[in-house]
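Engineer: 3D model of this:
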Amino acid sequence: MSTPKQTPFKNGTIIKLASISIAVLISFSILFTLIYQMLIPELIHNQIELRAKSITTLFAGSILEHVAALDYLSINKITENVASLPDVGYACVINNNGNIMAGILGNPNSFDAQLISEVKTNGFPAKIAAQIHLQDRNNDAISSHQIGGRSITDYALRLDNVNSEIHVGILADDNIQMSQTSFIPHIFLLILTTILGIAAFAWVLINAN
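Structural biologist: You can find the predicted model right below:
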């Protein structure tokens with residue numbers, strides 16, 4: 001008579017080990033999500049601010065002499081080039097009287113119909129640049145606000161000795177949405193890998209001699 005195959009683990013042990021593995025999975029997923037919620041949004045916000053500052057600084061260096069010479073053709077051309085950069089919602093140049101010397105929306109289709117209509121009718125709205133008011137003692141400032149249905153991070157920089165300032169608005173919600181979208185595959189892969197690992201581990205226990 002042949003001896004029946006013996007398994008070193010009972011079903012109860014397998015269930016217990018699987019339950020522990022699942023609990024570890026859930027705990028790790030929750031921990032990963034909490035870490036993401038605490039750290040990633042702040043990192044993204046800092047990256048957006050750094051991008052706004054770097055673009056505005058380059059903008060200032062290329063446009064300063066044209067503002068000093070009141071060369072409006074070059075001012076508008078440079079402003080248009082800056083506004084066409086990825087993630088840039090708008091770029092503008094204003095004087096100390098609050099008058100717009102140049103103002104360009106990056107991609108008009110990124111904003112709501114009301115703002116687009118306003119720009120077509122009255123030109124670039126002065127209220128956009130007025131979101132930040134540079135005091136005499138401040139050479140730069142940064143703020144976040146809603147423009148045309150979009151979340152914008154605006155960096156304002158004073159142009160030395162030409163009584164003007166420039167603004168670059170970055171489409172912050174695009175970056176945030178991109179980060180959230182990129183986060184989903186990582187969670188899915190984590191869950192899938194762990195489930196497959198649990199299944200493989202249970203199969204080995206069941207079929208062990």
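
Engineer: shaky segments in the chain?
Structural biologist: Applying pLDDT under 70 to the chain flags residues 1-19, 21-23, 25-26, 29-30, 32-33, 35-41, 129-138, 174-209.

Engineer: tell me the spacing between Asn95 and Ala102.
Structural biologist: Separation of Asn95 from Ala102 (CB to CB, to the nearest Å) stands at 11 Å. C-beta here means a position set from N, CA and C on the backbone, and glycine is covered the same way.

Engineer: should've said Gln146
Structural biologist: For Gln146 relative to Ala102 (CB to CB), the value is 23 Å.

Engineer: higher neighbour count, those two?
Structural biologist: Using other CB atoms under 10 Å as the criterion, Gln146 and Ala102 rank with Ala102 on top: 24 against 10.

Engineer: I'd like to know which elements the host helix or strand of that one is packed against.
Structural biologist: Using DSSP states H and E, Ala102 sits in strand 100-105. If you count contacts as 3 or more CB pairs under 8 Å, 6 or more residues apart in numbering; DSSP states H and E, strand 100-105 packs onto helix 72-83, strand 88-95, helix 113-122, helix 126-129.

Engineer: pick the most buried one from those.
Structural biologist: Among the helices and strands packed on strand 100-105, strand 88-95 has the highest mean neighbour count (mean count of other CB atoms under 10 Å), at a mean of 24.
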